[in-house]
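Participant: Build me a structure from this.
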Amino acid sequence: MAAHPPVVVHPPTPSGGRRVTVDAEILGMAYGLADVVEFLRRAGADPDEVRLDDPARIEWRGGGPDIWT
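Facilitator: Numbering: from 1, shown residues only. Sure thing, here's the model as predicted:
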């Protein structure tokens with residue numbers, strides 16, 4: 001059985017934000033890609049090495065990084 005990526009960006013809410021979790025811990029509500037990168041930085045990731053299109057690290061539910069509404 002394949003493991004899920006540790007970072008999950010959940011489907012957009014009616015307000016347009018997307019909840020971001022790491023290993024089921026809620027990091028916050030992102031309203032754009034910069035928010036996702038900032039949450040990952042606060043969680044210890046190097047912002048210069050964050051790849052938002054890496055499916056082994058980030059699971060986008062309800063649409064990819066270009067879907068916010």
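Participant: surely residue 62 meets residue 16?
Facilitator: No. Using Cβ atoms under 8 Å, residue 62 makes no contact with residue 16, being 12.0 Å away. The C-beta positions use only the backbone N, C-alpha and C, and glycine is treated the same way.
Participant: For the residue nearest the centre of the chain, give the beta-bridge partners.
Facilitator: Taking Cα atoms, centre = their mean, the centroid of the chain lies closest to residue 9, which sits 3.5 Å from it. Following DSSP bridges, residue 9 is listed with bridge partners residue 20, residue 60.
Participant: Contacts only, for it.
Facilitator: Residues counted as contacts of residue 9 (Cβ atoms under 8 Å, 6 or more residues apart in numbering) are 18-20, 30, 36, 58-61, 65.
Participant: Show me just the buried residues among these.
Facilitator: Among the contacts of residue 9, those scoring as buried are 18-20, 30, 36, 58, 60 (criterion: 16 or more other Cβ atoms under 10 Å).
Participant: Looking at those, which one is closest to residue 51?
Facilitator: Within the buried ones among the contacts of residue 9, the smallest distance to residue 51 is 7.9 Å, found for residue 58 (Cβ to Cβ).
Participant: Need the per-residue pLDDT for the closest one.
Facilitator: Per-residue pLDDT puts residue 58 at 93.
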